[in-house]
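Q: The following block contains a protein sequence and its predicted model.
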Amino acid sequence: AMGYNAARVILTSAASLSTYPVGADVDPGVYPDGTLLSVGSGTSYVLHGAKRWTLSAAAFASWVYSTSDVVPVPQATLDAIPMGGTQKLRDGSLMQSSGTNKTLYAISLGRKRPVSSSFVFSLLGYRSANVRVVPQSLVDVHPLGWWLDGRGPQYP
């Protein structure tokens, strides 16, 4: 009911689990970050500190969501959650605009990082099958980061 999906539980050993600190009890009145909320068959929102409008199917899929993950809520519940920005692509995603700009980008720390060449693309182990062709509007919501040019880590 809170957006948890038993099919997505990751099995682990007690020893591995013991390395994590015990957190606060789950509050049944608060949906956890990552929960997808929707009123009826309308627009889905994902929670990351606030509700965020899911701009496109590509952004939705980059977070490995499916429509079965959507939790239906009353309009009043959705209205009580503050609105955040647009849901961006997940870090590690590769994207290219469906418009005239054919630059390939890798998403890192929420920024779009242009890939400088096909050589660098291959050098970094990227595969063209993993590139999502997205509307320019989704490319535009990601701030520009440093170019990926094969010279090692660079940070904005």
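A: Looks like it came in fine. Since the structure is predicted, the reported quantities are computational estimates derived from the model, not experimental observations.
Q: how about the residue nearest the centre of the chain, what does it touch?
A: In the chain, the centroid-proximal residue (C-alpha atoms, centre = their mean) is R90; its distance is 3.3 Å. Residues in contact with R90 (C-beta atoms under 8 Å, 6 or more residues apart in numbering) are 62-64, 107. Any C-beta I mention is one placed from the backbone N, CA and C, and that applies to glycine too.
Q: which of those residues has the most neighbours?
A: S62 (22 neighbours; other C-beta atoms under 10 Å).
Q: just to revisit the earlier point, got phi/psi on the residue nearest to the centre of the chain?
A: phi -70, psi 140 (degrees, to the nearest 10).
Q: and it, how far is that from Y31?
A: 19 Å (C-beta to C-beta, to the nearest Å).
Q: Please compute how far stretch 106-116 lies from its chain's middle.
A: Mean-position distance between stretch 106-116 and its chain equals 14 Å (C-alpha atoms, centre = their mean, to the nearest Å).
Q: hey, which helix or strand in this protein has the poorest pLDDT?
A: Lowest on mean pLDDT, DSSP states H and E among the helices and strands of the chain sits strand 44-47, with a mean of 69.
Q: After it, which helix or strand is next?
A: For strand 44-47, the following helix or strand on the C-terminal side (DSSP states H and E) is strand 51-53.
Q: just checking, next helix/strand downstream of that next one?
A: Next element after strand 51-53 (DSSP H and E): helix 57-62.
Q: Packing partners of that next one?
A: strand 131-134 (3 or more C-beta pairs under 8 Å, 6 or more residues apart in numbering; DSSP states H and E).
Q: 10 Å - rerun?
A: strand 44-47, strand 94-97, strand 131-134, helix 136-140 (3 or more C-beta pairs under 10 Å, 6 or more residues apart in numbering; DSSP states H and E).
Q: Please state the mean pLDDT value computed over it.
A: Across helix 57-62, pLDDT averages out at 73.
Q: Ok, stretch 79-98 next?
A: 85.
Q: heads up, I number from 598, so please use that
A: Sure, I'll start counting at 598 from here, so that last one is stretch 676-695.
Q: can you pull the buried residues of that stretch?
A: Neighbour counts over stretch 676-695 (16 or more other C-beta atoms under 10 Å) mark 678, 684-686, 690-694 as buried.
Q: so what's the nearest residue to A658 once chain neighbours are set aside scoring on pLDDT?
A: Among residues not flanking A658 along the chain, R729 sits closest, at 7.6 Å (C-beta to C-beta, 6 or more residues apart in numbering). For R729, the pLDDT comes out at 89.
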